[in-house]
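Peer 1: Dropping a prediction and its sequence here:
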Amino acid sequence: MAEPQKIYWKLWQNVACMKHLLPIDESFDLVQRDIRLGGREASFYFLDGMMNDEAMLKILDSILKITPEEMPEDAESLIRKIPYSEVDMVEDFDQAVRLVLSGITMLFVDGYGEGIQIDCRSYPVRSVDEPGMDKSLRGSKDGFVETVVFDTALIRRRIRDPNLIMEILEVGKSSRSDVVLCYMKNLVDPKLLETVRARIQAIETPDLCMNQQSLAEALIGTRWYNPFPKFKFTERPDTTAACIMEGKLAILVDNAPSAMILPTSIFDMIEEANDYYFPAWTSLYLKISRILILIVTVFLTPVYLLLMQNPQWVPPLFDFILIRDVVNIPLIWQLLILELAIDGLRLAALNTPNMLSTPLSIFAGLVLGEFAVTSGWFNTEVMLYMAFVAVANYTQPNFELGYAVKFMRLILLVLTAVFNLPGFLVGCIILLFLLGTNQTLSGRNYLHISRN
């Protein structure tokens, strides 16, 4: 690996090198400004749109007053005269280019063998409002944003302990995205921390175009055959802080408004923010309710299909669940069509303008409800059970887990329809196999129950 090019003592050489490394003339937002500082020639490099103009104006107003007699002979002495806290020296062009593209202002002065970085960035950022999909009844109403510096501040605000470490790494040859490991030094598992750090440093990818998803795939690999999620994602800083205090590791990625939590199990996946704010008995009841609903969501329609294929197994007490109407379309096709229709409605709701969402929802409910049954496409009982499944999916706070459950339900439905009881049993074995073999990054079993 070649050594990085050191910064020259002559300004014209530094200007020529920066012009070669950066598309100054082609990119309008890359700005070079030449000034005279204390009788010496100097050049600024910065990204227009990411520099705090007010802060830079005050800095320039101060350093431009330096006379030739007061001008220091080295960069370190000049730094002491700059009335700003986030100022440091840079010794090579590779670091200088990376800093400029990150939004940091670079200053080169004739006769100095180092560049001076001035971090007066101003990030485009939205407000830290509560996440729309991860709300709490009694908790705080703030959430992560796309700027990693603000996200770390939201965690620091809750954990004022010197053991809280924010370790920053860089991933992506082109994007050079900031990745932050957040952990309590005295609580985190050192083996897990070293494993995650080593894997992140070993990632060779041009960019993290999809932020945390790209990082997750690079850390775990595809493992396409197992749909169960390997990470827990949360957009809430209070939930992240609670997990960190339990000894877990949180990973923040710049431009991603959520945190990845490690290690995780399926029991961590079904937790939500309210579990931390309610009393122990209430929290336990909610967790048990979600677990039971999760199980019912997986098995309700496959078991119903199995019983309809074998009506002699239905005890007289539950004889009312049998279908009395004419079945025009086989039950398996009714169930599969409705599974697809539910996803179609979800996608339509996601892309529908707010002003049209209410009337279109009413129209879709009428068409897929009463009219679908009246026309003979679907039976009333099938519509009822699929409606329960559709609503029950939203009891799970983890979106990826909801779709993993859906895929398992589809496998059970198809195997049950084709092979009857043996197919149903094989589907259950596949489900248990995928749960038992879904190893997380820490190597801990997915069914592990945390003691915290």
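Peer 2: Received the coordinates, thanks. Numbers count the residues shown, from 1 in each chain.
Peer 1: can you map out the strands along the protein?
Peer 2: Listed in chain order, the strands of the chain (DSSP state E) span 30-37, 40-47, 87-90, 105-109, 115-118, 164-171, 177-184, 232-234, 249-253, 259-262.
Peer 1: Same list, these, but as TSV with mean neighbour count and distance to Ile321 please.
Peer 2: From N, CA and C alone the C-beta is placed, and that goes for glycine too. TSV is the format used below for the strands of the chain (neighbours: other CB atoms under 10 Å; distance: least, CB to CB, whole Å):
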stretch	mean neighbour count	distance to Ile321
strand 30-37	15	69
strand 40-47	19	65
strand 87-90	18	72
strand 105-109	25	71
strand 115-118	23	71
strand 164-171	16	53
strand 177-184	21	50
strand 232-234	24	37
strand 249-253	25	46
strand 259-262	26	41
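Peer 1: would you turn these into a markdown table with mean pLDDT?
Peer 2: Supplementary listing: those in a markdown table, determined by pLDDT from 0 to 100:
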| stretch | mean pLDDT |
| --- | --- |
| strand 30-37 | 91 |
| strand 40-47 | 92 |
| strand 87-90 | 92 |
| strand 105-109 | 94 |
| strand 115-118 | 93 |
| strand 164-171 | 92 |
| strand 177-184 | 93 |
| strand 232-234 | 88 |
| strand 249-253 | 93 |
| strand 259-262 | 90 |
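Peer 1: which stretch among these comes nearest Leu435?
Peer 2: Nearest to Leu435 among the strands of the chain is strand 232-234; the distance by CB to CB comes to 15.7 Å.
Peer 1: and the closest one, what does it pack onto?
Peer 2: On a contact count with 3 or more CB pairs under 8 Å, 6 or more residues apart in numbering; DSSP states H and E, strand 232-234 meets helix 237-245, strand 259-262.
Peer 1: Quick one: distance of that strand to the chain centre.
Peer 2: Between the mean C-alpha point of strand 232-234 and the mean C-alpha point of its chain there is a distance of 7 Å (CA atoms, centre = their mean, to the nearest Å).
Peer 1: what number of residues lie near Met210?
Peer 2: Residue crowding around Met210 was assessed by other CB atoms under 10 Å; the count is 13.
Peer 1: no wait, Gly49
Peer 2: The number of residues packed around Gly49, counting by other CB under 10 Å, is 10.
Peer 1: What sits closest to it if chain neighbours are left out?
Peer 2: Excluding the flanking residues, the one nearest Gly49 by CB to CB, 6 or more residues apart in numbering is Asp29, at 5.8 Å.
Peer 1: Show me the shaky parts of this structure.
Peer 2: Scanning the chain for pLDDT under 70 picks out the ranges 1-2, 221-224, 354-372, 442-445, 448-452.
Peer 1: Which residue is most remote from the mean position of it?
Peer 2: Of all residues in the chain, Glu69 has its C-alpha farthest from the mean position, at 53.5 Å, by CA atoms, centre = their mean.
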